[in-house]
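Novice: quick one: sequence and predicted model below, then my questions.
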Amino acid sequence: MTIQDWFEKRKEAQIQRRALEAKVEVDMNPDLWTKCVHCDAQLLKKDIEENQMVCPVCDYHFRINARKRIELLFDEGSFEELNSNIKPTDPLDFVDTEPYKDRLEKAHQKTGLDEAVITGIGEINGQKTAVAVMDFDYMGGSMGSVVGEKVTRIIEEAIKRRLPVMAITSSGGARMQESALSLMQMAKTSCACAKLDDEGLLYINVLTEPTFGGITASFGMLGDIIVAEQGARIGFAGRRVIEQTIRQKLPADFQTAEYLMKYGQIDVVSSRKNLKQTLADILEMHALAK
């Protein structure tokens, strides 16, 4: 063994030891530390939270819930929630591995929400807009009858008030527990978007991690301007399904915001720290153009 080999082996052992110590620290203090799912860095939860839930090492954007999204994007105290009284039911008495009613209750206990979307009116740097913010933590952000109804109602309210509309999506698609009733929401929300367009009002899509299925096939991709958060995965069918269908290996960055931007399917890719200003600039530009 050469001296250089000895030093390399020692260096590798030190790296492994530090990684083991960091893992022990995380295991002992799960409320204090977390691991980045992208780069495996051991991070203080406080540091991530102060960095808007973005990894300070690799810039990976952690998924955030609807309340946190509203907090980061809207001017303090400006957001007024609408249609919070609309709650889901179980019209089909659906049961798979457990009753749909039980799934709804568990989702409510987990998130504190009654559905996978929050709708309302708020201001971004003083620019007023109607908004629908989806929450992936509530049954994967799936779109059932209530999600479709709330999205449609906020668009109709925007038409009454002559406001732009912003849809911030994070969803796995349609909600299978509501069967065809869920699929009908695709047509319903798309028709509402068409009415908004007929009225000449601005519609902005903000695609976040992840946005798939019936959302991208309806109101999630019908915006006048489509913005995606950095690194977000966006598509219709999942990567594995596509690879099995076409029997080909897809590029590593397939279905990422950057990939879609490269091929002209979206208009803007923004980091989380710049997203509020990006949206404010778009809203201000179109307000001046009236």
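Specialist: Good, I have the coordinates. Numbers count the residues shown, from 1 in each chain.
Novice: all strands in the stretch 1-150 of the chain, in order from the N-terminus.
Specialist: With strands called from DSSP state E, counting those that start in this stretch, the stretch 1-150 of the chain shows them at 33-35, 42-44, 80-82, 117-124, 127-134.
Novice: E209: which of those is closest?
Specialist: Closest to E209 of the strands of the stretch 1-150 of the chain is strand 127-134 (CB to CB; 11.3 Å). Where C-beta positions appear, they are placed from N, C-alpha and C, glycine not excepted.
Novice: make CSV out of the strands of the stretch 1-150 of the chain and add mean neighbour count and distance to T245.
Specialist: Listed next are the strands of the stretch 1-150 of the chain as CSV, based on neighbours: other CB atoms under 10 Å; distance: least, CB to CB, whole Å:
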stretch, mean neighbour count, distance to T245
strand 33-35, 17, 33
strand 42-44, 16, 37
strand 80-82, 13, 41
strand 117-124, 23, 30
strand 127-134, 24, 27
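Novice: ok, which of those strands comes nearest A280?
Specialist: Closest approach to A280 among the strands of the stretch 1-150 of the chain (CB to CB): strand 117-124, 4.8 Å.
Novice: show residues contacting that closest one.
Specialist: 66-67, 70, 73-75, 78-84, 128-135, 141, 146-147, 150-151, 153-154, 157, 161, 163, 276, 279-280, 283 (CB atoms under 8 Å, 6 or more residues apart in numbering).
Novice: re the thing from before, I'd like the strands of the stretch 1-150 of the chain as JSON lines, with mean pLDDT and distance to M53 appended.
Specialist: Shown next, in JSON lines, are the strands of the stretch 1-150 of the chain (pLDDT from 0 to 100; distance: least, CB to CB, whole Å):
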{"stretch": "strand 33-35", "mean pLDDT": "83", "distance to M53": "11"}
{"stretch": "strand 42-44", "mean pLDDT": "85", "distance to M53": "11"}
{"stretch": "strand 80-82", "mean pLDDT": "97", "distance to M53": "22"}
{"stretch": "strand 117-124", "mean pLDDT": "98", "distance to M53": "18"}
{"stretch": "strand 127-134", "mean pLDDT": "98", "distance to M53": "15"}
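Novice: CSV please, covering the ones you listed and showing distance to L288.
Specialist: Shown next, in CSV, are those (distance: least, CB to CB, whole Å):
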stretch, distance to L288
strand 33-35, 43
strand 42-44, 41
strand 80-82, 24
strand 117-124, 15
strand 127-134, 11
